[in-house]
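Participant: starting from these lines, generate the structure:
(one chain, ligands or ions: 1)
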Amino acid sequence: MSMSHEYDSIAALRDALTTRKVSATELANSALQAAQAHASLNAFLHIDPELTLAQARAADARLASGQADALTGVPIAHKDVFVTQGWRTTAASKMLEHYTSPFDATVVSRLAQAGAVSIGKLNCDEFAMGSGNENSAFGPARNPWNVNHVPGGSSGGSAAAVAAGIVPATTGTDTGGSVRQPAALCGVSGIKPTYGTVSRFGMIAFGSSLDQAGPVARHAKDLLELLDTMSGFDERDSTSLEFCDGVANAPGRIRSEFNDAVARFDANGSKPLQGLRIGVPTEFFNEGLSADVGAAVEAALQQYEALGATRVSISLPRTKLSIPAYYVIAPAEASSNLSRYDGVRYGYRTPSYTDLADMTSRSRAEGFGQEVIRRIMVGTYVLCHGYYDAYYLQAQRVRRMIANDFQQAFAGQCDVIMGPVTPTVAKRIGDNRDDPTADWLADIYTLGVSLAGLPAASIPCGFGGADSSLPVGLQIIGNYFREGQVLAVADRFQQATDWHQRKPELK
Ligand code: GLN
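Facilitator: Purely as a prediction, here's the structure:
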C-alpha cells in the first residue's frame with residue numbers, strides 16, 4: 001500500500017498545506033496508516049496516534065490562522081535516541097525499555113516549534129552502535145528495497161521510513177556514519193553537519209566528541225529544510241558552536257549559504273558547476289570496494305563532470321587507520337557515557353541480586369546487548385592505566401593526522417570530496433553474525449569524516465547487488481561549515497538525475 005498523501009517534496013507539501021488542499025491531520029493520519037501498513041519493516045518502535053494527532057490539530061489551527069512556520073504540518077519521525085516527553089525513548093535498548101523523558105531534546109523541540117508533526121520514534125541500533133540496525137533490542141529494521149536485507153545502521157529506521165514513503169523526512173544521528181550509511185543503503189539522502197552545528201542536548205550520548213544529529217529525506221532540498229531548523233547554538237550543549245566561521249550558528253545560516261551557492265551555479269548557465277573542484281581520494285577506491293558500488297559512484301562523478309565540475313585525484317593516506325582509531329575512541333567515550341546506567345537511578349534493574357555491586361553488574365549484564373557490552377569492554381580496556389598511552393592517546397594522535405589530511409586537500413586541491421559511502425550494497429540480515437568486527441570494516445569511508453568533524457552527505461546514485469536491486473549512495477564531503485554548499489552540490493545532481501525519486505515496490 002502506498003501512502004495516499006505522498007507529495008514530492010517538503011516544498012510541495014507546504015504548498016498543499018497552506019492552500020488547504022490537504023490538512024495536517026489528514027497527512028498525519030495517512031502517515032500513521034502507512035506506518036501500520038508497513039509494520040513488518042519494524043521501522044517504528046513507538047507510535048502514539050493521540051500525541052501525533054494533537055500536534056497535527058495544533059498545526060491545522062496555525063495554518064487556519066495564517067501563521068504557518070517553515071514545517072507546519074509536515075510529518076516527520078525521530079530516531080529513538082532523541083529524548084521525547086511524549087513518546088518513550090529507549091535507544092533501542094532493553095536498558096531503557098520503559099523510559100520516558102521529562103524533557104524534549106533540542107532537535108525535537110526545534111522541529112516541533114517549526115510546526116513539524118511527529119509520527120513516532122524510529123528503530124536503530126542499540127545506543128546507535130552498529131552498521132545494520134541488527135543490534136536493536138527490539139529486532140532489526142528491514143530494508144524496503146528487499147526486506148531480507150539490512151537498512152543500514154545505526155539510523156536504519158530513519159532511512160527505511162523515508163524509503164518506504166511513510167514520512168518525507170526523519171532525524172538520525174551520525175557518530176561514525178549512521179546517517180550517511182543507512183541513507184545510502186536505502187536509496188535516500190542524508191547529511192551529517194559539522195560537529196557542533198546541531199545541539200546534542202537530549203541526544204542519548206554514545207561518543208560525545210563524534211555524535212552529531214542529521215536529517216534523512218529524499219531530496220537534498222528537504223535535508224536543508226530540516227537541517228537549517230535543527231541547527232543553531234544551544235547553551236545546554238557545551239560543544240555547541242556559537243559561530244561557524246564568524247557567522248552566528250543560527251537557523252538561516254545554512255540556508256543562506258545554500259542560496260549563495262545556488263545563485264553562483266545558476267550564473268554559470270549550461271555548466272552550472274564550472275569551477276567546482278571535486279577531490280576523489282584514491283584510497284576510497286581500494287580493493288575492498290565492490291565493483292557495482294564503484295561503477296555507480298564513477299557514473300555519478302561523470303555526471304558531475306558533465307555539469308561542469310572538474311575532478312582531481314587526492315590522497316587521504318590514513319583512511320585505513322580511521323577504523324582502529326575510531327574503534328578505540330568511540331568505545332572509550334561510550335564506556336564512560338554508559339556508566340550512568342547502573343540500575344540505581346533509571347533504566348533496567350535486575351529482579352534478584354545480593355548487594356549493590358551485584359545489582360549494578362547484573363543490571364548491566366542483563367540490560368545491555370552484546371555489541372554494547374563489547375564496546376564497554378574495549379573502551380574500559382583502552383582507558384586503563386598503562387594502556388591509555390598505548391591506545392587511547394595514540395588513537396587521538398591518529399585522529400588529528402586524519403583531520404589534517406582533509407585540511408590539506410581542502411587547502412589547495414578541491415572544494416568538495418566525493419566517493420562511496422559503503423564498500424558494498426546492503427548485506428542480508430544475519431550475514432555477519434559470527435564476525436562482529438566485519439561490520440566495523442564497512443565503516444571505512446565514513447569514519448574519517450566523523451573523526452575530523454566535517455560535514456558530509458549521502459545521496460542516491462544508482463543500484464547494485466543481485467539484479468541491480470539495491471541502492472548505492474554517493475558521499476559528498478565538505479570543509480567545516482560548508483553544509484550549505486554540500487547540499488547545493490547534491491541538489492544540482494538531483495536536478496539532473498532521478499535516483500532519489502526511485503521508490504521500492506512494497507507489498
Ligand atoms: N557503525 C559505527 C559504529 O557502530 C557508527 C555508528 C554511528 O554512527 N552511530 O560505531
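Participant: which residues of the stretch 151-300 of the chain lie near the ligand?
Facilitator: 154, 174-178, 206 (CB under 6 Å from any ligand atom). Using the backbone N, CA and C atoms, a C-beta is placed for each residue, glycine as well.
Participant: what do you get if the cut-off is 8 Å, keeping everything else the same?
Facilitator: Taking CB under 8 Å from any ligand atom as the contact definition, the stretch 151-300 of the chain meets the ligand at 153-155, 173-179, 181, 206-207, 210-211.
Participant: how about the chain?
Facilitator: Residues of the chain lying near the ligand (CB under 8 Å from any ligand atom): 125, 128-131, 153-155, 173-179, 181, 206-207, 210-211, 326-327, 330, 371, 375, 439-440, 442-443, 446-447, 450.
Participant: among those residues, which are located in strands?
Facilitator: Of these, the ones assigned to strands by DSSP state E are 173-174.
Participant: weed out the non-buried ones from the residues of the chain next to the ligand.
Facilitator: 125, 128-131, 153-155, 173-179, 181, 206-207, 210-211, 326-327, 330, 371, 375, 439-440, 442-443, 446-447, 450 (16 or more other CB atoms under 10 Å).
Participant: from M129, how far out is the closest residue to V328 other than its chain neighbours?
Facilitator: Excluding its sequence neighbours, the residue lying closest to V328 (CB to CB, 6 or more residues apart in numbering) is A395, at 3.8 Å. A395 sits at a distance of 17 Å from M129 (criterion: CB to CB, to the nearest Å).
Participant: G279 pairs with what?
Facilitator: V312, I417 (DSSP bridges).
Participant: residues near it, how many?
Facilitator: 21 (other CB atoms under 10 Å).
Participant: for it, report the pLDDT, please.
Facilitator: Per-residue confidence for G279 comes out at a pLDDT of 98.
Participant: quick one on the thing from earlier: now intersect the residues of the stretch 151-300 of the chain next to the ligand with the helices, please.
Facilitator: In helices, defined here by DSSP state H, the members of those are Q181.
Participant: quick check: pLDDT value at the residue located most distally from the centre of the chain.
Facilitator: For the chain, the residue at maximal distance from the C-alpha centroid (CA atoms, centre = their mean) is T354, at 41.8 Å. Residue-level confidence at T354 comes out at 98, pLDDT.
Participant: can you tell me the element it falls in?
Facilitator: Using DSSP states H and E, T354 sits in no helix or strand.
Participant: and the gap between it and T360?
Facilitator: T354 is 12 Å from T360, by CB to CB.
Participant: same check, this time on A37
Facilitator: 43 Å.
Participant: for G196, same thing?
Facilitator: G196 is 33 Å from T360, by CB to CB.
Participant: dump the residue contacts of the residue in the stretch 301-450 of the chain positioned nearest to the ligand.
Facilitator: Using CB to the nearest ligand atom, the closest approach of the stretch 301-450 of the chain to the ligand is made by D443 at 4.8 Å. Counting by CB atoms under 8 Å, 6 or more residues apart in numbering, D443 touches 131, 176-177, 181, 323, 326.
Participant: out of the residues of the stretch 151-300 of the chain next to the ligand, which comes closest to G165?
Facilitator: S155 (17.3 Å; CB to CB).
Participant: what's the nearest residue to the closest one if we skip its chain neighbours?
Facilitator: The nearest residue in space to S155 (CB to CB, 6+ apart) is G172, at 3.2 Å.
Participant: so the one you found sits right up against Q181, yeah?
Facilitator: No. Using CB atoms under 8 Å, G172 makes no contact with Q181, being 9.9 Å away.
Participant: just confirm A213 is within a strand.
Facilitator: Yes. Assignment of A213 by DSSP: H, G, I helix; E, B strand; the rest coil places it within a strand.
Participant: phi and psi next, for the closest residue to it other than its chain neighbours.
Facilitator: Of all residues not flanking A213 in the chain, V198 sits nearest, at 4.5 Å (CB to CB, 6+ apart). Backbone dihedrals for V198, given as degrees, to the nearest 10, come out at phi -110, psi 140.
Participant: same check on I459?
Facilitator: The phi/psi pair for I459 (degrees, to the nearest 10) is phi -130, psi 150.
Participant: distance of it from A263?
Facilitator: From I459 over to A263 (counting by CB to CB), the distance is 21 Å.
Participant: contact partners for the spatially closest residue to D211 that is not a sequence neighbour?
Facilitator: Leaving aside its sequence neighbours, D211 sits nearest to T175 (CB to CB, 6+ apart; 5.1 Å). Counting by CB under 8 Å, 6+ apart, T175 makes contact with 128, 154, 206-207, 210-212, 330, 450.
Participant: I459 and A263: who's more crowded?
Facilitator: Between I459 and A263, counting by other CB under 10 Å, I459 is the more crowded of the two (32 against 10).
Participant: wait, the more buried one sits on C186?
Facilitator: No. Using CB under 8 Å, I459 makes no contact with C186, being 12.0 Å away.
Participant: for the stretch 1-150 of the chain, what spans make up the helices?
Facilitator: Counting by DSSP state H, counting those that start in this stretch, the stretch 1-150 of the chain has helices at residues 10-18, 24-37, 49-64, 106-113.
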